[in-house]
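A.B. asks: this one's structure only:
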C-alpha cells in the first residue's frame, strides 16, 4: 500500500505577492530617508545654518532697509518675511547635493550598490530625509518673525498651504543640486556652484523691494524668474493678495524642474556609482 505525503504550500505573508513586497522604490527610499534623518539628528550642528540664517536675514534686512523701503520696520516685515521664507528654504536645499557628494566620496554608496535595492532609492531617500531642514527653516523663520512683529494676515490653513507649497517647490529644485552633486568631484564645489546659481534666482526677485522700483532690464528677469512666482504665492497665502495664478505657476515650474532634473540626476548617479 502506497501513501502519498502532501506538503503544505508555503504561506505568503500578507501584503506580498510571490514573496515580494510591493512598491520597492517607495520602501527603500523611506528606509534610507530614515537613515538620513537619523544622521542629521545625531549631528545637530548640521542644522546650524537653517536655524541661524533665517534670524540673521530678518534682523539685517528689516532693520537696515525697513525704514527706507516701507517707512516702518513692521510694514516691511509683513512684506519681506514671506519671500525670505522661500529664499532660506532654497538655500537649505543645497545641502542635499553636498551630503550626497560627500557620501559618494566616503564610499557609502558602494555599499548601497551591493544591496538589493532600487538604484535611485539612495538619492530619493537622501532628498526626503533632508526635508527636515526645510521644516526647521520655516519654523524658525515664522517663530522669530512672530516674535519681532510679523502677523499672518489670512488664516491658519492658508499659512499651512504656504509652508507646504514652499517645501514642495524646494524639493523639486533640490534635484538640481543633487544633479550637481553627481557631476562634480568635491562637496565644496557643490556649495559654490549651488550658491552661485541661487543668488540671481533669489535676490533677482521682489523679495527685498517691489518689482516696479527696479530697472527695466531687471524687471524683465524678475518677471520670468520662477522663484518670483513662489514668493508671490507665499506672500498671498500668508499676508493676503493674489493666490491662484502664482500658486499655479509655482506648481508648474516645480513639476517641470523635477521632470528634467530627476532623471538626469539618476542617470548621473548610475554612471558615477
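C.D. replies: The structure has been received and is ready for your questions. Treat the numbers as computed from the prediction; the structure is a model and nothing was measured.
A.B. asks: quick one: low-confidence parts of the stretch 101-250 of the chain?
C.D. replies: Residue ranges of the stretch 101-250 of the chain with pLDDT under 70: 108-110, 112-119.
A.B. asks: from the middle of its chain, how far away would the helix or strand hosting residue 271 be?
C.D. replies: If you go by DSSP states H and E, residue 271 is part of helix 244-272. Chain-centre distance of helix 244-272: 12 Å, with C-alpha atoms, centre = their mean, to the nearest Å.
A.B. asks: Report all helices and strands that that helix contacts.
C.D. replies: Helices and strands touching helix 244-272, by 3 or more C-beta pairs under 8 Å, 6 or more residues apart in numbering; DSSP states H and E, are helix 121-129, helix 156-183, helix 226-239. (C-beta placed from N, C-alpha, C; glycine too.)
A.B. asks: by how many degrees do it and helix 156-183 diverge?
C.D. replies: Helix 244-272 runs at 30 degrees relative to helix 156-183, counting by axes from the mean of the first three to the mean of the last three C-alpha atoms, to 10 degrees.
A.B. asks: before we move on, the earlier item: just put the helices and strands packed on helix 244-272 in CSV and tack on distance to residue 32.
C.D. replies: Formatted as CSV, the helices and strands packed on helix 244-272 follow (distance: least, C-beta to C-beta, whole Å):
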stretch, distance to residue 32
helix 121-129, 3
helix 156-183, 13
helix 226-239, 28
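A.B. asks: what's the closest of those to residue 65?
C.D. replies: Ranking the helices and strands packed on helix 244-272 by proximity to residue 65 (C-beta to C-beta) places helix 226-239 first, at 16.2 Å.
A.B. asks: angle of that closest one against helix 244-272?
C.D. replies: Helix 226-239 runs at 130 degrees relative to helix 244-272, counting by the same axes, to 10 degrees.
A.B. asks: Other residues contacting helix 226-239?
C.D. replies: Applying C-beta atoms under 8 Å, 6 or more residues apart in numbering, the contact partners of helix 226-239 are 78-79, 81-83, 85-87, 90, 152-154, 158-159, 161-162, 165-166, 169, 201-202, 204-207, 211, 222, 241-243, 246-247, 249-250, 253, 257.
A.B. asks: repeat that for 6 Å
C.D. replies: For helix 226-239, the external contacting residues (C-beta atoms under 6 Å, 6 or more residues apart in numbering) are 78, 82-83, 85-86, 152-153, 158-159, 161-162, 165-166, 169, 201-202, 205, 207, 222, 241-243, 246-247, 249-250, 253.
A.B. asks: Repeat that for stretch 210-222.
C.D. replies: Stretch 210-222 is contacted by residues 204-205, 228 when judged by C-beta under 6 Å, 6+ apart.
A.B. asks: Quick check: buried residues in that stretch?
C.D. replies: Across stretch 210-222, burial judged by 16 or more other C-beta atoms under 10 Å covers 211, 214, 221-222.
A.B. asks: Likewise for stretch 254-268?
C.D. replies: For stretch 254-268, a neighbour-count test (16+ other C-beta under 10 Å) marks 254, 257-258, 261-262, 265-266, 268 as buried.
A.B. asks: Same question for stretch 235-250.
C.D. replies: Buried residues in stretch 235-250, counted by 16+ other C-beta under 10 Å: 235-239, 243, 246-247, 249-250.
A.B. asks: Compile the residues you listed into TSV and extend it with columns for distance to residue 188.
C.D. replies: Shown next, in TSV, are the buried residues of stretch 235-250 (distance: C-beta to C-beta, whole Å):
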residue	distance to residue 188
235	34
236	38
237	36
238	35
239	38
243	40
246	35
247	36
249	34
250	31
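A.B. asks: quick one: which of those is nearest to residue 178?
C.D. replies: residue 250 (20.0 Å).
A.B. asks: quick one: secondary structure of the residue lying closest to residue 74 once chain neighbours are set aside?
C.D. replies: Among residues not flanking residue 74 along the chain, residue 149 sits closest, at 5.1 Å (C-beta to C-beta, 6 or more residues apart in numbering). State at residue 149, reduced to three classes by DSSP: H, G, I helix; E, B strand; the rest coil: coil.
A.B. asks: And for the one 3 residues further on?
C.D. replies: Each residue gets one of three states, and residue 152 gets coil by three-state DSSP.
A.B. asks: can you give me phi and psi for it?
C.D. replies: The phi/psi pair for residue 152 (degrees, to the nearest 10) reads phi -70, psi 130.
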